[in-house]
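Colleague: return atomic coordinates for the entry below.
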Amino acid sequence: MRTAKRKVEKEKGAQSSREIGRKATVARLPRRGIQSVDIGFRVLAALAAEPGAAGLGTVAQRSNLSPSQAHRYLASLVASGMAHQDPSSGRYELGPQAIQIGLAALSRTDVFAEADPAIAAFARETGRTTLIAARGPLGPTVVRWHAARVPVITSVTVGSVLSFLTSATGHVFLSFMNAEEAAGAIEIERGTIPRAIDIDLSAIRSRVRSAMAAFADETVIPGLRAAAVPILDIQGRAALVATVLATSAVDRSDDKEMLERLQAVCQELTKKIGGRWP
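Modeller: As a prediction, the model looks like this:
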């Protein structure tokens with residue numbers, strides 16, 4: 001009797017061990033999805049990556065499909081409203097349903113909540129002090145200051161309002177406004193900056209948009225240099241600007257690498273909030 005009972009308990013223990021092992025194995029395996037859905041999203045991503053309507057061949061190439069495969073998926077996406085085909089040109093673009101879903105996702109995205117930890121990590125990893133600025137009613141306003149290993153002693157702090165016309169941060173904001181907004185921003189400062197009338201706004205915008213960055217080399221604060229990079233929203237405006245700072249005591253040989261790393265962070269943030277990096 002006791003022998004039989006021990007045998008049953010032993011078998012139950014073995015079964016339990018096998019079950020635990022099976023669950024552990026399943027947990028380690030990647031979750032399997034539905035392949036057709038995955039491919040459908042690749043086709044949607046291909047449409048989203050194009051600046052305008054795209055031909056079948058372009059969509060097929062971007063989504064790594066044959067033209068016949070891409071055509072079948074596009075037909076399904078058109079039928080569901082996720083894509084639209086122009087009847088005259090035959091080209092495809094995102095449909096109203098995809099746009100509605102995208103706008104719903106954007107409405108749930110907090111750009112500052114996305115940007116703050118990413119810029120904090122940049123400052124921590126590079127050892128460079130970095131600030132985040134938003135456009136306030138008086139001008140570019142510092143909303144976060146991430147101090148790093150190399151201290152930056154300056155009067156600029158959270159709440160400080162920077163100049164549109166003389167700061168790297170301000171130049172980035174100006175460069176991604178429309179012409180009317182930029183003119184209005186400059187008008188605010190004309191009475192306080194004597195040389196404002198001589199500033200070539202067109203040259204600033206061209207230079208910043210080409211480099212996707214603006215620079216100030218001890219022009220605003222003696223001994224302090226800055227490189228500012230935009231985080232762009234869906235309208236191509238600078239939702240926020242991240243600016244990395246350095247004093248004259250910091251070796252300049254790493255400045256190019258720091259800029260490229262900050263641009264990579266801001267480019268990724270731009271994508272996360274639905275913007276498009278030029």
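Colleague: what's the domain layout of the chain?
Modeller: With automatic domain parsing as the criterion, the domains of the chain are listed as 35-107, 111-272.
Colleague: mean pLDDT, mean neighbour count and distance to P278 for those - can I get that in JSON lines?
Modeller: In this view, the C-beta of every residue, glycine as well, is placed from N, C-alpha and C. Below are the domains of the chain laid out as JSON lines (pLDDT from 0 to 100; neighbours: other Cβ atoms under 10 Å; distance: least, Cβ to Cβ, whole Å):
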{"stretch": "domain 35-107", "mean pLDDT": "85", "mean neighbour count": "15", "distance to P278": "10"}
{"stretch": "domain 111-272", "mean pLDDT": "86", "mean neighbour count": "17", "distance to P278": "7"}
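Colleague: now the strands for the stretch 1-150 of the chain?
Modeller: Counting by DSSP state E, counting those that start in this stretch, the stretch 1-150 of the chain forms strands over residues 83-85, 92-94, 130-136, 139-146, given from the N-terminal end onward.
Colleague: show me what the second one is packed up against.
Modeller: Using 3 or more Cβ pairs under 8 Å, 6 or more residues apart in numbering; DSSP states H and E as the contact criterion, the secondary-structure elements in contact with strand 92-94 are helix 35-49, strand 83-85.
Colleague: swap in 10 Å and give it another go.
Modeller: helix 35-49, helix 56-62, helix 67-80, strand 83-85, helix 96-107 (3 or more Cβ pairs under 10 Å, 6 or more residues apart in numbering; DSSP states H and E).
Colleague: so how far is the longest one off the chain centroid?
Modeller: Right, helix 35-49. Taking the mean C-alpha point of helix 35-49 and that of its whole chain, the gap between them comes to 20 Å (Cα atoms, centre = their mean, to the nearest Å).
Colleague: and the strands of the stretch 1-150 of the chain: which comes nearest V241?
Modeller: Ranking these by distance to V241, with Cβ to Cβ as the measure, places strand 130-136 first at 4.9 Å.
Colleague: now the angle from that closest one to strand 139-146?
Modeller: Between strand 130-136 and strand 139-146, the angle comes out at 150 degrees (axes from the mean of the first three to the mean of the last three Cα atoms, to 10 degrees).
Colleague: restricting to C-alpha, output strand 130-136 in CSV.
Modeller: Taking only C-alpha atoms (Å, rounded to 0.1, in the frame of the first residue of the first chain), the coordinates of strand 130-136 have been written out as CSV:
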residue,chain,number,x,y,z
THR,A,130,22.5,68.7,-22.0
LEU,A,131,19.4,70.9,-21.8
ILE,A,132,15.9,70.5,-23.3
ALA,A,133,14.1,73.6,-24.4
ALA,A,134,10.5,74.2,-25.5
ARG,A,135,9.0,77.2,-27.2
GLY,A,136,7.4,79.4,-24.6
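Colleague: quick one: strands adjacent to it?
Modeller: When pairs are called by DSSP bridges, strand 130-136 turns out to pair with strand 139-146 (antiparallel), strand 238-247 (antiparallel).
Colleague: closest one to I186 among those?
Modeller: I186 lies closest to strand 139-146 among the strands paired with strand 130-136, at 10.7 Å (Cβ to Cβ).
Colleague: downstream of that closest one, the next helix or strand is which one?
Modeller: Toward the C-terminal end, the helix or strand that comes next after strand 139-146 (DSSP states H and E) is helix 168-175.
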